[in-house]
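Peer 1: have a look at this prediction, sequence included:
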Amino acid sequence: MNEKIRKDFPLLERQDNGKKIIYFDNAATSLKPLSVIKAVNEYNSTGTANIHRGVHKLSEETSILYEKAHDKTAEFFGAKKEEFVFTKNATEAINSVMYSLLTSDFFTKGDKILLSEMEHHANLVPWQLLEKKGLAELEFVKLNEDFTLNMQDFEEKLDSKTKLVALTHASNTIATINPIKEIGKMAKDNNSLFLVDGAQSAPHMEINFPKLNADFFAFAGHKMLGPSGTGGLIAKKELLEKFNPFLFGGSMIHSVKLHESTWNKIPWKFEAGTPNISGMIGLGKAVEYLKEIGMDKIRDHEKELTRYALEKVAEIASIKVYNPKNEEKQVGILLFEAKGIEAHDLAITLDEFSNIAVRSGMHCAEPLVSSLNPKGLDRASFYLYNTKEEIDEFAQALKTITKSFL
């Protein structure tokens, strides 16, 4: 990636105390390019109106922009229009699936849901509700010593009682990329539904929904250059037609009587109320931006950064890394600790003295992170606008800080 791309991101020009910010918190949320910022501002300044309601020109113009963004985003993931539902994030997408399965009486007592030990809370806590109701038992696939998924354990736990497999495509902590296509085929052969949490894969690699062997794919737009409050659920058409919606009212309605209502056609059946219109228009611009650069180029760039960062951090004896340590097996995330320094203290010091933004704590994956360090860990995460020079500064800052704490 070159300097031209960096100029598209205004925040990278910001300086504090005469020094530019190094943004290494991309796994939490990404920066926004000018094209996305402009699209959001244009809607708010010259085109504000609701969609699918009014017949005046502002509403019609906005509805066209919204539906174009809808179509562009579906196409970006290789999905059909009717398979794609806008949500406010991946969390809402996963919860939508859970509640739809719950209200459609999909689970019966004795069923199992197969997860892994690396799941984000968003792909764990919703399923705990079903376990508490006695509808399904949660089982967890173990990890290998190199933090990859233990496929032998997966095969042993996938059985006739497994109604749903729900796994992350790429971990937001240990960064592991799971073999989703292989897992999806195994789930299908077992007559299990398969949900993929794609929050950490969608921004960083090409996703073609039909080729994933998945029934559901959830993603977060704000991690892939889009505005906050954007995301989506991609699901097989026959499942969206079969299952009940999660939210009710507004655009998901076809007709209403005092004691009975019918639902709109898919995907609108699952998009209740007024959506984040400006955000979704912005997300449409974000996928345009990513497509223009090319997801293969983005993935190659991040692999190069990951390899370089692993090499630089390995030179610091007091730093311990919890990743596969292989750029082919992981996304651009370093989960690490510094000996003798608590995670929040290290993150604050990196920020205050070096303008380097990293995440610290449990990273919304407490079962896994607390098993590695009960006080939490630090995480540096990279994206298309990050550089080797920034990693050099990061490594130097770690060396300086760790020496000062000894």
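Peer 2: Everything's here; your move. Numbers count the residues shown, from 1 in each chain.
Peer 1: list the contacts for the residue nearest in space to the middle of the chain?
Peer 2: Nearest residue to the geometric centre of the chain (C-alpha atoms, centre = their mean): A199, 1.3 Å. Neighbour list for A199: A90, H120, A122, T168, N172, A218, F219, A220, K223 [criterion: C-beta atoms under 8 Å, 6 or more residues apart in numbering]. Just so you know, the C-beta spots here come from the backbone N, C-alpha and C atoms, and that holds for glycine as well.
Peer 1: now with 7 Å, please.
Peer 2: With contact set as C-beta atoms under 7 Å, 6 or more residues apart in numbering, A199 has these partners: A90, H120, N172, A218, F219, A220, K223.
Peer 1: which helix or strand contains the closest residue to the fifth one other than its chain neighbours?
Peer 2: Put plainly, it is F219. Leaving aside its chain neighbours, F219 sits nearest to A202 (3.9 Å; criterion: C-beta to C-beta, 6 or more residues apart in numbering). Here A202 sits in a region with no helix or strand, counting by DSSP states H and E.
Peer 1: A202 and S381, how far apart?
Peer 2: In this view, A202 and S381 are 14 Å apart by C-beta to C-beta, to the nearest Å.
Peer 1: just A175 next, same as before
Peer 2: Taking C-beta to C-beta, one finds A175 at 8 Å from S381.
Peer 1: overlap in contacts, the two.
Peer 2: Contacts common to A175 and S381, judged by C-beta under 7 Å, 6+ apart, are I333.
Peer 1: buried sites along stretch 260-270?
Peer 2: W263, N264, I266, P267, W268, K269, F270 (16 or more other C-beta atoms under 10 Å).
Peer 1: now, which of these sits nearest D25?
Peer 2: F270 (30.6 Å; C-beta to C-beta).
Peer 1: and that closest one, what does it touch?
Peer 2: V85, S96, L240, P245, F246, M252 are the contacts of F270 under C-beta under 7 Å, 6+ apart.
Peer 1: all strands of the stretch 51-200 of the chain, in order?
Peer 2: Counting by DSSP state E, counting those that start in this stretch, the stretch 51-200 of the chain has strands at residues 84-87, 111-116, 136-141, 162-168, 193-197.
Peer 1: from the chain's centroid, how far away is the shortest one?
Peer 2: Right, strand 84-87. Distance of strand 84-87 from the chain centroid (C-alpha atoms, centre = their mean, to the nearest Å) equals 14 Å.
Peer 1: contact partners of stretch 203-213?
Peer 2: Under C-beta under 7 Å, 6+ apart, the answer for stretch 203-213 is 30, 77-79, 180-181, 184-185, 188, 194, 196, 198, 201, 217, 223-224, 234, 295-296, 298-299, 302, 331-332.
Peer 1: cool, stretch 92-111 as well?
Peer 2: With C-beta under 7 Å, 6+ apart as the test, stretch 92-111 has contacts from 87, 122-123, 126-127, 130, 134-136, 161, 163, 195, 197, 216, 218, 231-233, 243-246, 270.
Peer 1: what's the end-to-end length of it?
Peer 2: Stretch 92-111 has an end-to-end distance of 23 Å (criterion: C-alpha to C-alpha, to the nearest Å).
Peer 1: buried ones in that stretch, by neighbour count?
Peer 2: Applying 16+ other C-beta under 10 Å to stretch 92-111 flags 92-102, 106-107, 111 as buried.
Peer 1: how about stretch 219-237?
Peer 2: Buried, per 16+ other C-beta under 10 Å, within stretch 219-237: 219-227, 229-236.
Peer 1: any idea of the mean pLDDT in it?
Peer 2: Mean per-residue pLDDT for stretch 219-237: 97.
Peer 1: off-centre distance for it?
Peer 2: Per C-alpha atoms, centre = their mean, the centroid offset for stretch 219-237 relative to its chain is 8 Å.
Peer 1: now swap in stretch 321-333 and tell me
Peer 2: For stretch 321-333 - counting by C-alpha atoms, centre = their mean - the centre lies 17 Å from the chain centre.
Peer 1: so what touches that stretch?
Peer 2: 27, 146-148, 170, 174-177, 200, 204, 302-303, 305-307, 310, 313, 334-336, 372, 377, 379, 381-382.
Peer 1: ranges for the helices of the stretch 1-150 of the chain?
Peer 2: Along the stretch 1-150 of the chain, the stretches classed as helices by DSSP state H, counting those that start in this stretch are 3-6, 34-46, 57-76, 90-103, 125-132.
Peer 1: now the end-to-end length of stretch 153-161.
Peer 2: Stretch 153-161 has an end-to-end distance of 16 Å (criterion: C-alpha to C-alpha).
Peer 1: what segments of the stretch 201-350 of the chain are strands?
Peer 2: Using DSSP E, counting those that start in this stretch, strands in the stretch 201-350 of the chain cover 216-220, 231-235, 253-256, 261-263, 319-321, 333-338.
Peer 1: quick one: strands adjacent to the third one?
Peer 2: Same thing as strand 253-256. Counting by DSSP bridges, the strands paired with strand 253-256 are strand 261-263 (antiparallel).
Peer 1: chain center to the strand it pairs with, what's the gap?
Peer 2: Counting by C-alpha atoms, centre = their mean, strand 261-263 comes out at 31 Å from the chain centroid.
Peer 1: go on, stretch 140-149?
Peer 2: Taking C-alpha atoms, centre = their mean, one finds stretch 140-149 lying 20 Å from the centre of the chain it belongs to.
Peer 1: poorly predicted segments of the protein, please.
Peer 2: For the chain, the stretches with pLDDT under 70 are 1, 406.
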